[in-house]
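> Here's a sequence, model it:
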Amino acid sequence: MPELFSIVSDLAWPFALAIAWVAGEIGHRWTGLPRISIYGLVGFILANAQAGLLSSPVNISIRLLANIAFGLILFELGYRINLRWLRNNPWLGVTSLVKAGGTFAVVYVVAKWFGMPFVPSLLLSSLAMATSPAAVLCVVNEQRSSGQVTERILHLCAFNCVFAVFTFKIVVGLWVFQNTGDILHALWNSLIVLLISAAIGGLFGVAMPALLKGLRNAGSDSTVAFAIALVVLVALTHTLKLSPVPAALAFGLMARHRRIALSQAQQNFGALGNLLTVLLFVFMAATLEWPMVIAGAGLALVLLVARFVVKTVGVVAFAHFSGITWWKGLLTGVALTPISAFVILLLEQTRHLGIGLMDELAALAAITLLLEVIGPIITLWALVLAKEVPGARKA
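Numbering: from 1, shown residues only. Sure thing, here's the model as predicted:
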């Protein structure tokens with residue numbers, strides 16, 4: 001009997017991925033919903049706290065694979081960022097800064113109004129600033145979307161992630177200082193971690209193009225090379241307890257700066273990227289527990305509305321200055337709704353500090369579940385209304 005239980009336990013995650021993939025394909029074909037929304041829903045249903053089929057995803061190998069999947073997405077997002085556009089159109093940066101700052105302030109006020117302690121309120125506010133690059137990029141790639149709204153949500157998503165991880169690390173450093181009184185330990189877990197992580201990613205971004213040039217393989221056959229480099233980068237930051245978020249973004253940004261041209265297949269990392277995307281969204285949803293979702297539902301709904309309004313108004317307010325109509329500004333703000341992937345993996349990176357953040361932030365569990373399923377759908381419809389999805393352009 002113990003042997004049978006062990007076999008079932010070993011097969012749980014592979015079968016969960018198979019079930020999620022099949023459900024995603026069928027659900028997408030029948031309903032047109034984004035596959036990632038269905039992957040997340042399957043992961044939540046099969047999780048240990050719900051159906052009991054999946055063990056809690058604390059296994060190091062599963063977490064590492066999820067971080068690698070996220071690293072691939074962040075690399076692509078960083079690669080698609082055009083800093084020259086930001087220099088030519090500084091209002092895009094202003095939009096991102098005002099929107100992120102406004103979201104932080106409003107979410108903090110709402111959290112305190114609901115009686116949350118000081119540090120958890122700051123943590124929730126910093127995480128609310130972000131937009132999930134996994135959800136946004138997966139929808140954009142799946143729908144082959146292109147246009148003004150698409151490019152803006154990708155750039156604003158990247159900027160929001162940088163602001164969010166920077167603020168989050170500072171708050172974590174504050175938490176460490178409050179509990180240990182060690183200023184060096186607090187600085188290490190905040191600013192120093194970010195700087196070292198970004199520096200390592202930038203180093204990879206310089207070394208890989210040089211290596212490919214030396215091997216005379218800087219063209220269309222570099223998918224495997226960049227994928228292996230990202231696996232090494234994420235594993236390195238994971239082992240050193242650094243942050244793969246700035247590392248992978250810096251890697252992609254530097255690779256673009258070094259003029260390495262990636263084809264569409266390479267941007268998606270082909271079958272490897274598709275497989276790890278399924279694992280990523282199943283993993284994220286499997287970390288959530290239904291009782292925690294119910295406990296935080298009230299605050300979550302208020303925070304979702306507040307975050308949605310601030311982000312949308314922030315983009316619309318500067319739409320004309322940044323060169324788009326108010327309608328496209330509205331759709332850009334709406335498309336930035338997803339948050340779940342970024343939040344879960346950022347919280348996972350603090351496990352070594354012994355911080356039970358998800359236990360303290362019940363509202364975050366409810367927000368994550370809602371936006372795991374609904375967020376990509378909202379992004380999809382914003383892109384459809386903007387007529388930047390191929391089928392929608394003909395309508």
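> which residues in the stretch 251-395 of the chain form helices?
264-268, 270-286, 290-295, 297-317, 326-335, 340-348, 357-360, 362-385, 390-393 (DSSP state H, counting those that start in this stretch).
> now the angle from the longest helix anywhere in the chain to helix 340-348?
In the chain, taking DSSP state H as the definition, the longest helix is helix 148-180. Put simply, helix 148-180 runs at 20 degrees to helix 340-348, going by axes from the mean of the first three to the mean of the last three CA atoms, to 10 degrees.
> wait, what's in contact with V119?
Neighbouring residues of V119 by CB atoms under 8 Å, 6 or more residues apart in numbering: V171, L174, W175, Q178. All C-beta atoms are positioned from the backbone trio N, CA, C, and that covers glycine.
> Correct me if wrong: M284 contacts L346.
No - M284 is beyond contact range of L346, at 11.2 Å (criterion: CB atoms under 8 Å).
> Have a look at those two and say which one is more surrounded.
M284 (30 against 24; other CB atoms under 10 Å).
> what's the nearest residue to that one if we skip its chain neighbours?
I344 (4.4 Å; CB to CB, 6 or more residues apart in numbering).
> Spit out the contact partners of the one you found.
F283, M284, T287, T368.
> The third one: neighbouring residues, count only.
This points to T287. 24.
> Please apply the same query to W30.
For W30, the count of nearby residues is 8 (other CB under 10 Å).
> so which helix or strand takes in it?
helix 2-31 (DSSP states H and E).
> Which strands and helices lie in contact with that helix?
Packing contacts for helix 2-31, counted by 3 or more CB pairs under 8 Å, 6 or more residues apart in numbering; DSSP states H and E, involve helix 35-46, helix 270-286.
> Would you single out the least confident of these?
Looking at the helices and strands packed on helix 2-31, the lowest mean pLDDT belongs to helix 270-286 (a mean of 85).
> Give me the neighbour count for L127.
The burial count for L127: 26, using other CB under 10 Å.
> That one and C161 touch, don't they?
No - with contact defined as CB under 8 Å, L127 does not count as touching C161 (10.8 Å).
> So for those two, which residues contact both of them?
Shared contacts of L127 and C161, defined by CB under 8 Å, 6+ apart, are found at F342.
> so where's this protein uncertain?
1-10, 49, 51-52, 55-60, 180-189, 216-221, 258-268, 348-362, 391-395 (pLDDT under 70).
> helix or strand for G102, which one?
helix 91-113.
> In contact with the residue lying closest to L383 once chain neighbours are set aside: list those residues for me.
Leaving aside its sequence neighbours, L383 sits nearest to S145 (CB to CB, 6+ apart; 4.7 Å). Contacts for S145 (CB under 8 Å, 6+ apart) come out as V139, L383, E388, V389.
> And those, which two are furthest apart?
Greatest spacing in the contacts of S145, by CB to CB: V139 and E388 (11.1 Å).
> Please identify which of those two sits among more neighbours.
The neighbour comparison of V139 against E388 (other CB under 10 Å) goes to V139, with 28 against 24.
> one step back: now name the helix or strand holding the residue nearest to L383.
Short version, using DSSP H and E: S145 is in no helix or strand.
> Next, it: phi, psi?
phi -80, psi 150 (degrees, to the nearest 10).
> measure it to L331 for me?
Using CB to CB, to the nearest Å, S145 is found at 12 Å from L331.
> Can you pull the residues that touch both of those two?
Common neighbours of S145 and L331 (CB under 8 Å, 6+ apart) are L383.
> The helix or strand harbouring L72 packs against which elements?
Using DSSP H and E, L72 maps to helix 60-79. Applying 3+ CB pairs under 8 Å, 6+ apart, we find helix 60-79 packed against helix 133-143, helix 148-180, helix 223-239, helix 244-257, helix 264-268, helix 270-286, helix 340-348.
> buried set for the third one?
This points to helix 223-239. By 16 or more other CB atoms under 10 Å, the buried positions in helix 223-239 come out as T223, A225, F226, A227, A229, L230, V231, L233, V234, T237, H238.
> out of the contacts of I344, what pair is the most spread apart?
F283 and T368 (12.1 Å).
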